[in-house]
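> Here is my input; please provide its structure:
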Amino acid sequence: MIKSIGRLNLDDYKLIDSQVEKIFVCLSKDKIEEATGLITEMANTQNYFVREELGKRLANYEGPGAMKEVCAKLLDDHIYGIRATALFYFYYSNIDNPEVLLHILSKTVETVRWESEHIIEELWKSHPELMRREMPQWALSPSPKKRAMSMHGMNKIALDSPQFVLMHLEKLVDDEDPEVQEKFVKILIQVGRHRPQHAYTNIYRWLKSGSEDRARLLWDALKVLVSIVARREREEQSNDFWAVTKKAVSDWRKDPSPLVSQMGNRLQQLLQS
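A predicted model of the protein is given here:
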């Protein structure tokens with residue numbers, strides 16, 4: 001029996017291969033229901049690695065039968081592990097067709113969250129230009145999960161393309177959905193750590209033209225960034241992040257905008273604590 005959690009060993013892979021062989025035989029004989037039952041039997045697991053390996057192997061099927069149609073139906077199954085396995089099938093089937101894959105992901109972000117996140121992160125590595133074109137459209141989606149997912153993986157380009165990431169975040173700075181706000185804060189922290197000058201310049205602009213609600217959201221990111229400075233002040237005094245952060249706090253405290261100066265004063269208290 002395959003383990004329910006954790007990475008797989010050689011015996012686990014052998015069990016998956018044996019099951020996949022049975023599935024392929026059933027499909028080749030047009031025994032669709034039997035093949036579907038064998039897939040769901042193994043896919044109904046909490047083990048992420050089983051789901052991925054099963055989906056990957058299903059994508060290798062080249063014989064007659066309706067593997068694509070079977071997995072398309074399984075994407076709508078009521079059991080999460082089965083939906084996830086089907087998504088991995090489509091991932092590995094379309095690994096060289098990222099546009100098709102993104103179309104599928106636009107539907108699965110709502111129903112197969114963790115695996116969708118993993119695949120989106122991989123797409124940022126393999127097809128960054130496509131992601132740069134498509135993710136800004138996701139940020140405008142009526143689906144909060146899709147808006148949140150539009151930011152996922154942007155930490156991969158925060159170092160080289162900070163302004164692109166920040167302009168994307170600007171589209172979502174006033175989003176009221178908690179999941180979107182949580183992702184916004186995480187990505188903003190990453191940009192701030194890698195490119196503090198870019199981050200603080202944009203945050204200043206957002207604060208100056210923003211509301212109390214916007215300031216509260218930005219505080220969630222800024223308090224983390226400033227706390228890093230406060231903890232490591234002695235060790236990293238030559239670090240650009242350290243110097244830029246302290247200068248931003250100092251400048252903001254003297255700014256005529258009440259929201260900016262209040263934020264500067266709150267951050268100064270953190271630096272001194």
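> Can you work out which other helices and strands pack against the lengthiest helix in the chain?
Ranked by residue count, the top helix of the chain under DSSP state H comes out as helix 212-232. For helix 212-232, the packing partners by 3 or more CB pairs under 8 Å, 6 or more residues apart in numbering; DSSP states H and E come out as helix 178-194, helix 196-208, helix 240-253, helix 258-272. (C-beta placed from N, C-alpha, C; glycine too.)
> so that helix versus helix 196-208, what angle?
Per axes from the mean of the first three to the mean of the last three CA atoms, to 10 degrees, the angle that helix 212-232 makes with helix 196-208 is 150 degrees.
> Could you give me the buried positions within helix 212-232?
Neighbour-count burial for helix 212-232 flags 215, 217, 218, 219, 221, 222, 223, 224, 225, 226, 228, 229 (criterion: 16 or more other CB atoms under 10 Å).
> Show me the shaky parts of the stretch 1-150 of the chain.
Applying pLDDT under 70 to the stretch 1-150 of the chain flags no residue at all.
> Would you map the helices across it?
10-28, 32-43, 48-58, 67-74, 80-93, 98-108, 113-126, 128-138, 144-149 (DSSP state H, counting those that start in this stretch).
> can you put those helices in TSV and add distance to residue 206?
TSV is the format used below for the helices of the stretch 1-150 of the chain (distance: least, CB to CB, whole Å):
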stretch	distance to residue 206
helix 10-28	49
helix 32-43	44
helix 48-58	37
helix 67-74	42
helix 80-93	35
helix 98-108	28
helix 113-126	24
helix 128-138	18
helix 144-149	17
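> mind checking how far stretch 57-67 is from the chain centre?
29 Å (CA atoms, centre = their mean, to the nearest Å).
> export that stretch as CSV, just CAs?
Extracted C-alpha coordinates of stretch 57-67, given in CSV (Å, rounded to 0.1, in the frame of the first residue of the first chain):
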residue,chain,number,x,y,z
ARG,A,57,2.3,8.8,-16.0
LEU,A,58,-1.3,9.2,-17.3
ALA,A,59,0.0,11.9,-19.6
ASN,A,60,2.3,9.4,-21.2
TYR,A,61,-0.6,7.4,-22.6
GLU,A,62,-0.4,7.2,-26.4
GLY,A,63,-2.8,4.4,-27.2
PRO,A,64,-6.5,4.4,-28.3
GLY,A,65,-9.1,5.5,-25.8
ALA,A,66,-10.4,8.6,-24.2
MET,A,67,-7.8,9.5,-21.5
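> Now do the buried residues in it.
57, 58, 59, 61, 65, 67.
> rewinding a little: relative to residue 28, which of the helices and strands packed on helix 212-232 is closest?
Between residue 28 and those, the shortest separation by CB to CB is 43.3 Å, and it involves helix 178-194.
> biggest separation within the buried residues of stretch 57-67, which pair?
So, the buried residues of stretch 57-67 by CB to CB: farthest apart are 57 and 65, at 14.8 Å.
> Tell me which of the helices of the stretch 1-150 of the chain sits most buried.
helix 80-93 (a mean of 24; mean count of other CB atoms under 10 Å).
> Give the other helices and strands that it contacts.
helix 32-43, helix 48-58, helix 67-74, helix 98-108, helix 113-126.
> Could you check how far the nearest residue to residue 193 once chain neighbours are set aside is from residue 202?
Excluding the flanking residues, the one nearest residue 193 by CB to CB, 6 or more residues apart in numbering is residue 241, at 6.3 Å. Relative to residue 202, residue 241 is positioned 16 Å away (CB to CB, to the nearest Å).
> Identify the residues contacting residue 110.
143, 145, 146 (CB atoms under 8 Å, 6 or more residues apart in numbering).
> make it 6 Å
Contact analysis of residue 110 by CB atoms under 6 Å, 6 or more residues apart in numbering lists residue 145.
> Same question for residue 44.
Contacts of residue 44 (CB under 6 Å, 6+ apart): 79, 81, 82.
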